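Undergrad: Mind looking at a prediction? Sequence and model below.
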Amino acid sequence: MRRIASDVRVDVKSFIIANMEVRRAPHVPELDLYRAHPGSGLGRLVDSENDPPPYWAYHWAGGTVIARHILDHPEVVSGLRVLDLGSGSGIVGIAAAMAGAGKVIAADTDPNALVATQLNALINGVNIEAINGDVTIGDPPGVDLILVGDLFYDEATARRVTGFLLRCAAAGIQILIGDPGRSYLPRTHLRLIAEYLVSDFADAEGRAVKPSSVYAFLAGTI
């Protein structure tokens, strides 16, 4: 994606409202999300090499499959304190809030993602607390359940996230992971819960589908 040198920072909230479309989430029609389209001009949000790509503007299979599972099985989150780790657009946290979670926290290292999460929460009529930063370097959070979608896309990130989840599982926190089978998925710690046919990032229209899974993350190996 082209990076544009500029001394003027774009107001992300205004940009999203003006340049993205509110559309039903693929495979999760209960949710509306601000989504990118060819005319969105997302390059205006990426004006230096230090800015992360706007991954939050697109749908991903891991988040989609967890959101679908939660809405199909609201007892998974009902009344619980939930952390949506690497929240992106907020689809997972919003689904948890809609399904009756007691409290939902969305954490992401990209501040723009959290702006999108709050806007998406607003149009879906739910409340989500946003945390900007890498929570994986800290102690286990005060939550009952951690939901993780699409965080095993590279080796370094997967190693850091897996170490954090092992600490959280040892502390008694439940963990669910959604993933379409990416290379760095910590398979020895996973127990399959459910499988759905959903689309992934590369299919902008959500038409091509492939199996993606929801797993329980376990402290020990299986």
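TA: In hand now; what should we look at? Numbering: from 1, shown residues only.

Undergrad: From here on, just use CA atoms for contacts and neighbour counts.
TA: OK.

Undergrad: Identify the residues contacting residue 84.
TA: 90, 92-93, 104-107, 146-148 (CA atoms under 8 Å, 6 or more residues apart in numbering).

Undergrad: quick check: longest helix of the protein.
TA: helix 155-170 (DSSP state H).

Undergrad: State the mean pLDDT of the next helix or strand after it.
TA: Sequence-wise, the next helix or strand downstream of helix 155-170 (DSSP states H and E) is strand 174-179. Mean pLDDT, strand 174-179: 98.

Undergrad: and if you look at stretch 124-134?
TA: 96.

Undergrad: So what would you say the end-to-end distance of it is?
TA: End-to-end distance for stretch 124-134: 26 Å, by CA to CA, to the nearest Å.

Undergrad: What of stretch 137-150?
TA: In terms of CA to CA, the two terminal residues of stretch 137-150 are separated by 18 Å.

Undergrad: now it, how far from the centre of its chain.
TA: 12 Å (CA atoms, centre = their mean, to the nearest Å).

Undergrad: Please list the residues outside it that contact it.
TA: 60-63, 66, 77, 80-87, 92, 160, 164, 167-168, 171, 173-179.

Undergrad: Could you rerun that using 6 Å?
TA: Where contact means CA atoms under 6 Å, 6 or more residues apart in numbering, the residues beyond stretch 137-150 that reach it are 62-63, 80-85, 168, 173-179.

Undergrad: list the buried ones in that stretch?
TA: Within stretch 137-150, the residues that count as buried by 16 or more other CA atoms under 10 Å are 140, 143-150.

Undergrad: quick one: which of the contacts of residue 84 is most hemmed in?
TA: Within the contacts of residue 84, residue 93 tops the neighbour count with 34 neighbours, counted by other CA atoms under 10 Å.

Undergrad: What residues does it make contact with?
TA: So residue 93 contacts residue 84 (CA under 6 Å, 6+ apart).

Undergrad: angle of the longest helix of the chain against strand 174-179?
TA: Put simply, helix 155-170 runs at 150 degrees to strand 174-179, going by axes from the mean of the first three to the mean of the last three CA atoms, to 10 degrees.

Undergrad: coming back round to it: out of the contacts of residue 84, flag the one nearest to residue 72.
TA: residue 92 (12.8 Å; CA to CA).

Undergrad: Now do the same for that closest one: its pLDDT.
TA: Looking at residue 92, its pLDDT is 98.

Undergrad: if I look at it, how far off is residue 15?
TA: Distance from residue 92 to residue 15, by CA to CA: 23 Å.

Undergrad: Just give me the neighbour total for residue 11.
TA: Residue 11: 10 neighbours (other CA under 10 Å).

Undergrad: Let me know the secondary structure of the residue positioned nearest the centre of the chain.
TA: Among the residues of the chain, the one closest to the centroid is residue 87, at 3.4 Å (CA atoms, centre = their mean). Assigned by DSSP: H, G, I helix; E, B strand; the rest coil, the conformation of residue 87 is coil.
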